[in-house]
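*Asks:* Task: produce atomic coordinates for the following.
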Amino acid sequence: MLRRSVFPLSLLAALVALAGCPGGNAGLGDSCSGNDDCNGALQCLTNRCVPRCARAPECGDGYACGDDGLCEPARGQSGEHCRSEVDCAAGLSCQIDGATKGDDGLLLASCTDEHAERAAGDECDADNECRNGTCALGHCTDLCRDTRDCGTNMQCVRVPLATANDAMFTGCLPFQGKVTWSIPVLSPSAEVLIPMPENARSAELVMSLDDATQKVGAARVLSPARTGTRLYTVPCAPSSEPGGTPCTASEALDRYFENPILHQPAPLQSVLLFPSGSTPALEIGTYRVQVSSFQPDGTTGTGIPRVTAVVRLDGGEATAPRTLDLHFYFLDLANHPCEAMGAADTPAVLSGSYLAGLRTVFFRANIVIGSVTHQTITDRPELDTLDTRNLEDVGALLSLGTSGDGINVFFVRALSPAGLQAWSPNPGPAGLGGTRRSGVVIGMDTLCYRDWPALARLTAHQIARYMGLYHNVELGSAKHPLWRDPIDDGDTGATNLMYFSELSGASELPSGLEITAGQADILRRSAALQ
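*Replies:* I've put the predicted structure just below:
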């Protein structure tokens, strides 16, 4: 938070905080000479009765908000020990001293002259870029003792500092939502750090490369601590390229599912999302991820990846309802051969059995559909019918999904290869709009032989893939037991939302679909949610 006065500094000096029980009758805006002149809900500030504080920023730079709701001047001077930004007098900032920890295990800090640099909440790459001297999760972060020290909708939580050997401090982070930042990468293969604070629910790395002849993705993931557990090793890639690692398609899938974190490098863009399942649980600390470009034979490529991190924060009750916004984009569906079934009728999507079906499915995960927006795209005829094998066209379409909040859903006339009814990245870049994979695609020719509830089932399946679920069981799992979602629910039934085939009896209808507790937990961790 930016510790700046919300009142003129000359007037703040007149703040009087007298001890004792306020018992006066002066009301809001009335003149006063001390707190005891104002009624019990007010305090005396600049000789006027004003509401008591709930958070320190309401008081201004160099002040704390006491337990009794009274603004209290900070007394910490330069060089003195502090735990929170509100411990330090105006013009000073509470800054971490180094890697030294106190008896409570938290990093020691002291009041220091603030830098003429970026304010709390601004993006940063290093501590010295911040006014408060602390860069965490790609943003300047104020130190705090408790949540009262933080701004509205912020929370005081334990945060790891990778530059201090992963030691912890307590800092102000958003109570709920996502934190997004770019991570500079200077070579084709480099280690990046993902700090996981106390209120994190999930994290993702979105890795991009402009060269479609190479792949981009993670090569290794280590859990927190420098001797952390290896959570991911890049699977072998079936390839006939000279020098390629001998690897069959079955072996590639075996190695893919053996990883505690599921991920595959891909051309142009890929997403590393964790957790992938019920285990391992997220740890507070810094995850270390080796990102890389890859040649067709699996060796390190020549392209330099662009990397964006997204961490979902949620300090609320884990079982409370969450909200998912939907943004519908309609390509040119005029004169569609299935128009008699309403394929080109926007109201049929925005009201009726289709949207009702989506609400039914996600309600099973205690997720409610929030705002619903729509727009028509008539100036991109080359994308009206989409070949999903053409990565450039897929990227051109999904990059039109500019909203990073919620899910972008595109309706096209038809999809190819023949028989494909819907498509989505798995997982998608939840929380980011305008990327080559920012959305899911639905082929409207499905309505030539199916109905709106069935289309709702298909859409819900693809949205769930985008949000981090995988098939509950894969074709061929009888021979390869590993080929299933790592969520420890044991549901391999055909009526599950994530069954590999949608031709599964009751699962064709939203009312007949099942979502397990583990699947609901993964969905509710997604950065696509509010």
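*Asks:* what about the helices in the stretch 201-350 of the chain?
*Replies:* Ranges of helices within the stretch 201-350 of the chain are 249-258, 346-350, based on DSSP state H, counting those that start in this stretch.
*Asks:* out of those, nearest to residue 215?
*Replies:* helix 249-258 (13.1 Å; C-beta to C-beta). Every C-beta, even on glycine, is put in place using the N, C-alpha and C of the backbone.
*Asks:* pLDDT of the closest one, averaged?
*Replies:* The average pLDDT within helix 249-258 is 87.
*Asks:* So for that helix, what gets flagged as buried?
*Replies:* Residues 252-257 are the ones in helix 249-258 that count as buried (16 or more other C-beta atoms under 10 Å).
*Asks:* What's the end-to-end length of stretch 481-494?
*Replies:* 16 Å (C-alpha to C-alpha, to the nearest Å).
*Asks:* likewise stretch 104-121?
*Replies:* Across stretch 104-121, first to last residue, C-alpha to C-alpha, it's 26 Å.
*Asks:* so residue 39 touches residue 24, yeah?
*Replies:* Yes. In terms of C-beta atoms under 8 Å, residue 39 counts as a neighbour of residue 24; the distance is 6.4 Å.
*Asks:* Between the two, which is the more surrounded one?
*Replies:* Between residue 39 and residue 24, counted using other C-beta atoms under 10 Å, the more crowded position is residue 24 (18 against 14).
*Asks:* and residue 265, what does it touch?
*Replies:* Neighbour list for residue 265: 215-218, 234, 237, 292, 294 [criterion: C-beta atoms under 8 Å, 6 or more residues apart in numbering].
*Asks:* and with 6 Å instead?
*Replies:* 215, 217, 294 (C-beta atoms under 6 Å, 6 or more residues apart in numbering).
*Asks:* which non-adjacent residue is nearest the last one?
*Replies:* Counting by C-beta to C-beta, 6 or more residues apart in numbering, residue 215 is the residue found nearest to residue 294 once chain neighbours are left out, at 4.3 Å.
*Asks:* about what we covered before: for residue 501, which of the helices of the stretch 201-350 of the chain is the nearest?
*Replies:* It's helix 249-258; of those, that one is closest to residue 501 (C-beta to C-beta) at 17.2 Å.
*Asks:* got the buried residues for the helix or strand residue 95 falls within?
*Replies:* Taking DSSP states H and E as the definition, one finds residue 95 inside strand 92-101. Neighbour-count burial for strand 92-101, counted by 16+ other C-beta under 10 Å, picks out 92-96.
*Asks:* Sheet-wise, list the partners of that strand with their directions.
*Replies:* Using DSSP bridges, the strands paired with strand 92-101 are strand 107-113 (antiparallel).
*Asks:* after the strand it pairs with, next one along is what?
*Replies:* The helix or strand immediately downstream of strand 107-113 is strand 135-136, counting by DSSP H and E.
*Asks:* Give me the sheet partners of that following strand and which way each runs.
*Replies:* Strand 135-136 has its sheet partners listed here by DSSP bridges as strand 139-140 (antiparallel).
*Asks:* List of residues touching the strand it pairs with?
*Replies:* 118, 120-124, 130, 132.
*Asks:* packing partners for the helix or strand following it?
*Replies:* Helices and strands here follow DSSP H and E; after strand 139-140, the next one along the chain is strand 154-161. In terms of contacts (3 or more C-beta pairs under 6 Å, 6 or more residues apart in numbering; DSSP states H and E), strand 154-161 is packed against strand 167-174.
*Asks:* now the strand it packs on: mean pLDDT?
*Replies:* Strand 167-174 carries an average pLDDT of 96.
*Asks:* Determine the angle, from 0 to 180 degrees, between it and strand 92-101.
*Replies:* With axes from the mean of the first three to the mean of the last three C-alpha atoms, to 10 degrees defining the directions, strand 167-174 sits at 140 degrees from strand 92-101.
*Asks:* Measure how strand 167-174 sits relative to strand 154-161, angle-wise.
*Replies:* If you take the same axes, to 10 degrees, strand 167-174 sits at 150 degrees to strand 154-161.
*Asks:* Let's see strand 167-174 as CSV, backbone CA atoms only.
*Replies:* The C-alpha trace of strand 167-174 is given here as CSV (Å, rounded to 0.1, in the frame of the first residue of the first chain):
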residue,chain,number,x,y,z
ALA,A,167,13.0,-16.8,4.5
MET,A,168,9.6,-15.3,5.4
PHE,A,169,8.3,-11.9,6.1
THR,A,170,4.7,-10.7,6.7
GLY,A,171,3.4,-8.5,3.9
CYS,A,172,0.2,-6.9,2.5
LEU,A,173,-1.2,-8.9,-0.4
PRO,A,174,-4.7,-8.9,-2.0
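*Asks:* which intervals of the stretch 1-150 of the chain have sub-threshold pLDDT?
*Replies:* The model of the stretch 1-150 of the chain has pLDDT under 70 over residues 1-23.
*Asks:* With the stretch 151-300 of the chain instead?
*Replies:* Along the stretch 151-300 of the chain, the parts satisfying pLDDT under 70 run over 226-227, 237-246.
*Asks:* Quick one: distance of the strand holding residue 95 to the chain centre.
*Replies:* Relative to its chain's centre, strand 92-101 lies at 28 Å (C-alpha atoms, centre = their mean, to the nearest Å).
*Asks:* In contact with the residue nearest to residue 294, which residues?
*Replies:* Contacts for residue 215 (C-beta under 6 Å, 6+ apart) come out as 265-267, 294.
*Asks:* Give the bridge partners for it, please.
*Replies:* Counting by DSSP bridges, residue 215 is bridged to residue 267, residue 294.
*Asks:* Present the helices of the stretch 201-350 of the chain as CSV; the columns should include distance to residue 166.
*Replies:* Listed next are the helices of the stretch 201-350 of the chain as CSV, based on distance: least, C-beta to C-beta, whole Å:
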stretch, distance to residue 166
helix 249-258, 27
helix 346-350, 48
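*Asks:* related to what we said a few turns ago, which of the contacts of strand 139-140 lies closest to residue 432?
*Replies:* residue 123 (14.7 Å).
*Asks:* who's in contact with the closest one?
*Replies:* The neighbours of residue 123, taking C-beta under 6 Å, 6+ apart as the test, are 138-139, 181.
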